[in-house]
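Chemist: Give me coordinates for this.
(one chain, ligands or ions: 2)
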Amino acid sequence: MKNGKKLKRTPQRDEIIKFLNGNKSHPSAYDIYKAVKKKIPSISFATVYNNLKIMVDENKLLEINDGEKLRFDFDTNPHDHFLCVRCNNIYDFPPSVKDFKYLKNFKIISHITYIKGICENCLKKEKEVK
Ligand SMILES: [Zn+2]
Ligand SMILES: [Zn+2]
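Modeler: Residues are numbered from 1 along each chain as shown. Ligands and ions are numbered 1, 2, ... in the order given. Now for the predicted structure:
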């Protein structure tokens, strides 16, 4: 474990974790800020953002760049993502690369892959309109 950087448990951090735990929507830093601010009105965006960055450094949180902003995932088990370009939802699916033999001499810290496309729900909606 790295020294010095580890943040103590704080009420702010607890609220952030409470919001993220079990949350499958892959919220952005701003989404998380808005939700936590309802519980702790005095919290600043910088505090939320710094906590998120530290948790990413500690491998307690995954960071996904959706092309516009960073999104966060409390589920750090290896899994892949499908990003819908219509509704912006991120869907989890099992890791497509299970065979890491090409990386056998490497140490994997995190596994983040995403596929861009249009999700089932959006495709259905588009068909209904036509
Ligand atoms: Zn969609
Ligand atoms: Zn995910």
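Chemist: how about residue 20, what does it touch?
Modeler: Residues in contact with residue 20 (C-beta atoms under 8 Å, 6 or more residues apart in numbering) are 27, 32, 61, 72, 74. In this view, the C-beta of every residue, glycine as well, is placed from N, C-alpha and C.
Chemist: State the pLDDT value of the last one.
Modeler: Taken from the predicted model, the pLDDT recorded for residue 74 is 94.
Chemist: Identify the residue spatially nearest to it, adjacent ones excluded.
Modeler: Of all residues not flanking residue 74 in the chain, residue 20 sits nearest, at 4.1 Å (C-beta to C-beta, 6 or more residues apart in numbering).
Chemist: one step back: taking the contacts of residue 20 one by one, which sit in strands?
Modeler: If you go by DSSP state E, the contacts of residue 20 have residue 72 in strands.
Chemist: could you dump the contacts of residue 20 to JSON lines with neighbour count and distance to ligand 2?
Modeler: Formatted as JSON lines, those follow (neighbours: other C-beta atoms under 10 Å; distance: C-beta to the ion, whole Å):
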{"residue": "27", "neighbour count": "19", "distance to ligand 2": "11"}
{"residue": "32", "neighbour count": "22", "distance to ligand 2": "15"}
{"residue": "61", "neighbour count": "21", "distance to ligand 2": "11"}
{"residue": "72", "neighbour count": "21", "distance to ligand 2": "9"}
{"residue": "74", "neighbour count": "18", "distance to ligand 2": "9"}
